[in-house]
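Trainee: Output the structure for:
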Amino acid sequence: MREFIRLQLKLKWGFNRNNNKASALMTAFAALLAVAVALALVWALSFVLKSAISSAPRQLSLLYLTIIMIGLTVAATGMQMKRLYRPADLLITARFPLSPFKQFISYLILNYIDLTIYSAVMVVPVMVVFGIAMRCITFVYILGVLLGALLMPLIPFAVSIFLAIPAVYLVTLLEKNGIVMLAVFIAVLVGAFVLYDYILTVLARFFIHRNWEEGTLAIWENLLKGLDAYYNPAYYLGNVIFFKGFGLGIGAILGAAFVLIAGGVALARIVCANFRERALDTGFGVRVRRSKVDGYGSARAIFRYQFKEILRTKTYSYFYLGVAISTPVMVFFCNRLVAMVGEAHIGAGINFGASMLVVAVFMAMICSFTGSVLSVEGKKFYITKLVPVGYRTQLLIKGLLNIAVSTVALAISAVVMACLKFLSGAEMAVLVVTQFVLSAGLVFNGINLNLANPNLKPKANGEAEEINITYMLLIGLAVAALLGACSIILPNGTASRTTAAYLIAVAAAIVYAAVNFVVFWFTADKKYRKIEV
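Mentor: Got it, this is the predicted structure:
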């Protein structure tokens, strides 16, 4: 059992020499950037709360401890579902010289180890930054934070054992209807974004006006009072970290965890055995889909097939279509926030540049997935070479599908901004034309990048785990930042400068799109022929 655990840990956390170093570096960079943004938000919110609310640091810390605990509970529930009930390697591990019960216990241990690592990565930096903002850093506080990081995984792990059982049945039921799953994901994505926007708006208004809006302070005071209660597990963790009610805190956490884990393991073992037997007998509910493309023209058939592949591939359907569908909502909130901050420091003339920047960022996010139009084919790529359709034509159809998706998101976003009168008619026309051309340029840039680096190694479950997506996202964000900066800086209120800014924005997008399209048109066939599976 020990060797099995070591093998699983090595597969997840070990370094493989065959791994793509560029992919590892990009992943590390993205993770560090996300951590830096999160810690900056923690510091800013802590600073604002400290200056406005007369609460002890322990009470304020419950906000972050509760959020971390909820996040770890969600992560732990996902781990239990994936490893206990829906393991991708079940057909392999079932042949191991290890009993099902020992595998079950091994997976629980693995989940707890993973959760402990996540806890350390989240609790220690967040609470250290919180302590700096609150000016309560002492040796005793650091000791409490380290102890809290060790205790934090217990309750999320215990609760997740129970939550995973109904969750796996619910997911199994919802997977039969991909549209419902996509709708749930979009609702969660938009909800999280709205909450994030609310916190940023509160911070922005405070730093701009140096006071709280009427009613906002009361909301936060009531929230902190609600969290500082016996029914909140983070309450006891706060006692441990600040050494106030230490005995009660550590006793409650250990006692509750022991009872929940014991009961949860007994129940989960029965359910896990049933899932394991059913999966080995019948598979994980894989259904054979009958193709309905017979009779269609080649272009329409490829277009239809590509769209269905998006719906069937979770990464695409969630993070591609999901982002595209929710873009209008996120554009509205981002526009409002950026315009509010910009007007306070620059003036109302910021609206056009702010809108150009925000929309370009979301177009970059949507179009970044074109960096995997070839890679997603994986081992099925050889079929594309046998299809009686030119290589360039196949790629062009795939590109047009991506352009269509981004255009729909752009059109709805434009309608939202027009209804809310963010921009004038002329500004709206310039923005729509510029962003449409820019998205086309990003799409062909992504295709060119994927042709140069096809990366056709099989992906887990056919997912689009592709480094080119990250590259395209960075390229898109850089182009968006440059375009947004020019749109903000160039206009200065005079008609001639404003007109010049409009023309430069449109011209820059046209040049970018034209260069990428010309490269695609004259090199696609040649590069495609050289690709081997």
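Trainee: For stretch 49-61, buried residues please.
Mentor: For stretch 49-61, the neighbour count (16 or more other C-beta atoms under 10 Å) marks 49, 50, 55, 57, 58, 59, 60, 61 as buried. For glycine as for every other residue, the C-beta is placed from the backbone atoms N, C-alpha and C.
Trainee: likewise stretch 92-108?
Mentor: 93, 103, 104, 106, 107, 108.
Trainee: can you tell me which helix or strand residue 310 belongs to?
Mentor: If you go by DSSP states H and E, residue 310 is part of helix 298-312.
Trainee: quick one: that helix to chain centroid distance?
Mentor: Taking C-alpha atoms, centre = their mean, to the nearest Å, one finds the center of helix 298-312 at 25 Å from the center of the full chain.
Trainee: what does stretch 73-89 give?
Mentor: 18 Å.
Trainee: Pull out the CA atoms of it and give them to me as PDB.
Mentor: Extracted as PDB, the C-alpha positions of stretch 73-89 are listed here (Å, rounded to 0.1, in the frame of the first residue of the first chain):
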ATOM      1  CA  THR A  73     -13.900  21.600   1.100                       C
ATOM      2  CA  VAL A  74     -14.800  22.100  -2.600                       C
ATOM      3  CA  ALA A  75     -11.400  20.900  -3.700                       C
ATOM      4  CA  ALA A  76     -11.500  17.900  -1.300                       C
ATOM      5  CA  THR A  77     -15.000  16.900  -2.600                       C
ATOM      6  CA  GLY A  78     -13.700  16.900  -6.100                       C
ATOM      7  CA  MET A  79     -10.700  14.800  -5.100                       C
ATOM      8  CA  GLN A  80     -13.000  12.200  -3.400                       C
ATOM      9  CA  MET A  81     -15.200  12.100  -6.500                       C
ATOM     10  CA  LYS A  82     -12.300  11.700  -8.900                       C
ATOM     11  CA  ARG A  83     -10.300   9.100  -7.000                       C
ATOM     12  CA  LEU A  84     -12.900   7.100  -5.000                       C
ATOM     13  CA  TYR A  85     -15.800   7.000  -7.400                       C
ATOM     14  CA  ARG A  86     -14.700   8.000 -10.900                       C
ATOM     15  CA  PRO A  87     -11.000   7.000 -11.200                       C
ATOM     16  CA  ALA A  88      -9.700   7.200 -14.800                       C
ATOM     17  CA  ASP A  89      -7.200   4.400 -14.200                       C
END
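Trainee: Find the residue closest to residue 272 in space, skipping its chain neighbours.
Mentor: Leaving aside its sequence neighbours, residue 272 sits nearest to residue 84 (C-beta to C-beta, 6 or more residues apart in numbering; 4.9 Å).
Trainee: what sits against that neighbour?
Mentor: 104, 107, 108, 164, 268, 272, 275 (C-beta atoms under 8 Å, 6 or more residues apart in numbering).
Trainee: swap the cut-off to 7 Å and go again
Mentor: 104, 107, 164, 268, 272 (C-beta atoms under 7 Å, 6 or more residues apart in numbering).
Trainee: same deal with residue 229?
Mentor: By C-beta under 7 Å, 6+ apart, the neighbours of residue 229 are residue 235.
Trainee: Lovely, talk soon.
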